[in-house]
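*Asks:* 3D, please:
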Amino acid sequence: MGEKTLSDLIVEQCAPTLAGMKCGSLFNYRYQGTTAARQEIRSWNQRLNPCGLYLEELKWREESVLVYVYRRKDLDQRLREEGIAELLSDFGYSGTEAGDCLSHLKSRLLADDFPHEIGVFLDYPLGDVLGFIENRGMNCRLCGMWKVYCDQCEALKLFKKYKKCKEVYWKLYQQGRGILKMTVAA
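*Replies:* Next up is the predicted model:
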């Protein structure tokens, strides 16, 4: 099989977000042409925005783009959770409004060092995001969809839940079910 389509990646990498289980997902999309890729992303936004989902181009590279798929309402709520604003403030974020935070995240992605606070935008537990930053990615208790520093039992439950969701969504997609039909409206 050749390169995966944008649709394939949305289902494969974002099923828990489509299902309303988490606020956001991230993937790298290898494209053939920048103009066509921008149009594809714009087209998916036109279809998914009425359901409360958005595709955000975080960082363009020569042949790929880092795409963040998120539920704006859930992201706004996540950014207001206890401890999140303090963490983001430490990295230069001003406020907790999703649009402003995503703009700052984009600028941080353009810098040389990867912004590890991105875990907040992916709905990783705050303790694990803080643990990753403090330990520079070392000394985790468990490694799965993210590196776990706090509640291993809860993380294992989430890993299992997200994996099952991805499997179910991928199977439905392979059987011809469209992304819009599988998207839980916000």
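*Asks:* what's the longest helix seen in the chain in contact with?
*Replies:* The residue-count maximum for a helix in the chain (DSSP state H) belongs to helix 152-174. Contact with helix 152-174 is made by 8, 11-12, 15-16, 18-19, 21-22, 125, 128, 141-142, 144-146, 148, 179, 182, as judged by Cβ atoms under 8 Å, 6 or more residues apart in numbering. All C-beta spots, glycine's among them, are computed from the backbone N, C-alpha and C.
*Asks:* Just the buried residues out of those residues, in ChimeraX syntax.
*Replies:* Entered in ChimeraX, the line below selects the buried ones among those, by 16 or more other Cβ atoms under 10 Å:
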select :11,15,16,18,19,21,22,125,128,142,146,148,179,182
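*Asks:* Can you list which of the contacts of helix 152-174 are found in helices?
*Replies:* Those of the contacts of helix 152-174 lying in helices (DSSP H): 8, 11-12, 15-16, 18, 128, 179, 182.
*Asks:* Out of the residues you listed, which is nearest to N28?
*Replies:* E12 (11.9 Å; Cβ to Cβ).
*Asks:* Please tell me the pLDDT value assigned to the spatially closest residue to the closest one that is not a sequence neighbour.
*Replies:* Nearest residue to E12, sequence neighbours excluded (Cβ to Cβ, 6 or more residues apart in numbering): W170, at 6.1 Å. Looking at W170, its pLDDT stands at 98.
*Asks:* thinking again about what came up before, between the ones in helices among the contacts of helix 152-174, which sits nearest A37?
*Replies:* A37 has its nearest neighbour among the ones in helices among the contacts of helix 152-174 in D8, at 14.0 Å by Cβ to Cβ.
*Asks:* pLDDT at the closest one, what is it?
*Replies:* 98.
*Asks:* Then the one 3 residues further on?
*Replies:* Looking at V11, its pLDDT reads 98.
*Asks:* Off-centre distance for the longest helix of the chain?
*Replies:* 15 Å (Cα atoms, centre = their mean, to the nearest Å).
*Asks:* Which residue lies nearest the spatial centre of this protein?
*Replies:* Nearest residue to the geometric centre of the chain (Cα atoms, centre = their mean): S25, 1.9 Å.
*Asks:* Could you verify that that residue is part of a helix?
*Replies:* No - S25 is assigned strand when assessed by DSSP: H, G, I helix; E, B strand; the rest coil, not a helix.
*Asks:* how about it, what does it touch?
*Replies:* Contacts for S25 were tallied using Cβ under 8 Å, 6+ apart; they are 13-14, 16-17, 68-70, 122.
*Asks:* repeat that for 7 Å
*Replies:* 13-14, 16-17, 69, 122 (Cβ atoms under 7 Å, 6 or more residues apart in numbering).
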